[in-house]
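1. Below: sequence and its predicted model.
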Amino acid sequence: MSLGNRPYWRGDPQGGSEGYYGSGIRHGGGMGIGLPKPTPAVMGLLIANFVIFVLEYAFGPQDVFSLAAVVPAVWWQAWRYITFQFLHGGVFHILFNMLGLYFLGMYLERTWGAKRFLVFYLTCGVISGLTHVALTFVFHQSPYDPLVGASGGVYAVIAACAILFPQIRLILMFFPVPIRFAAVLFFIIAFLSMMTGEGGGIAHAAHFGGMVAGGLWVWLGPRLRDARAGARRKINNGAWERKIRREQQDRAEVDRILDKIRREGIQSLSSREKRILQDATEKQRRQDRNMNRM
């Protein structure tokens, strides 16, 4: 898997102002030559990917860490859905993936925090692997090619940034384009290549799965949280309303008992009515004590 563009950055990686991805950044209010310091999670992922890449080529590729759709037993080995994301098929493969992670991942990490970003990135990578396994045979991809690379997570990052930070522009074929245009283009390429089976050694199903996962995470996630919050508010409101109704009923019953005492005397009360009156008196005393403490 590889990211088919080299992005360039200029501006504040926290977002806010429109920026290109490249080498010019501001230092102390002026322009300088350099690159922004990676955020902690992005830095950790970059180091892990490059260290594993060196180890991979020092000791040879380890099939136990990749994901192969042709072997049914592999599908259930859960660790592979994480480890394949840190393996790469060559220098350009890891270079393009890490450039995408470096330049765009910082936007998300600065917005969400390191923990939430890592969960997003790795989860979308897992979903891209599951998509690859599920759709390899459906869309006639080669099941014998092992799945390696961080592109699933990186494509999810592109989709998320396209939704959250539309002001970002990427350089495609020497032309700056809005990130949403680039994201739609990548999605169409992945989908059509997956449908036609024209893999060319690229796991388009994983790219497709990563983009769908990233887009749904950002677009659908807040709506689900709002729905859960609304359901909790409705439950809490319902509980509060039931409590108010119970209190109103208790007060009405106490008023009835007091009226009965005025009309017939306290000796006319039943055991139940005396107990209700005693409970109400004790409750009122507790409330008075709490008010005095305040």
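-> Arrived safely.

2. Run a quick neighbour tally on the residue nearest to residue 166 when sequence neighbours are not counted.
-> Excluding the flanking residues, the one nearest residue 166 by CB to CB, 6 or more residues apart in numbering is residue 180, at 5.4 Å. Glycine gets a C-beta too; all of them are placed from N, C-alpha and C. Using other CB atoms under 10 Å, residue 180 has 16 neighbouring residues.

3. now residue 56
-> Neighbours around residue 56, by other CB under 10 Å: 18.

4. what does residue 177 give?
-> Residue 177: 14 neighbours (other CB under 10 Å).

5. Then residue 132?
-> For residue 132, the count of nearby residues is 29 (other CB under 10 Å).

6. for residue 82, same thing?
-> Residue 82 has 15 neighbours, counted by other CB under 10 Å.

7. Counting by contacts, list what the helix or strand hosting it packs against.
-> In this structure, residue 82 sits in helix 80-83 according to DSSP states H and E. Using 3 or more CB pairs under 8 Å, 6 or more residues apart in numbering; DSSP states H and E, the elements in contact with helix 80-83 are helix 114-135.

8. which strands and helices sit next to the helix it packs on?
-> Helix 114-135 is packed against helix 40-59, helix 80-83, helix 91-112, helix 151-164, helix 204-264, with contacts defined by 3+ CB pairs under 8 Å, 6+ apart.

9. again, only this time at 10 Å
-> When contacts are defined as 3 or more CB pairs under 10 Å, 6 or more residues apart in numbering; DSSP states H and E, helix 114-135 packs onto helix 40-59, helix 72-75, helix 80-83, helix 91-112, helix 151-164, helix 179-196, helix 204-264.

10. and residue 133, which of those helices is closest to it?
-> helix 72-75 (5.6 Å; CB to CB).

11. Nice, that's everything, thank you.
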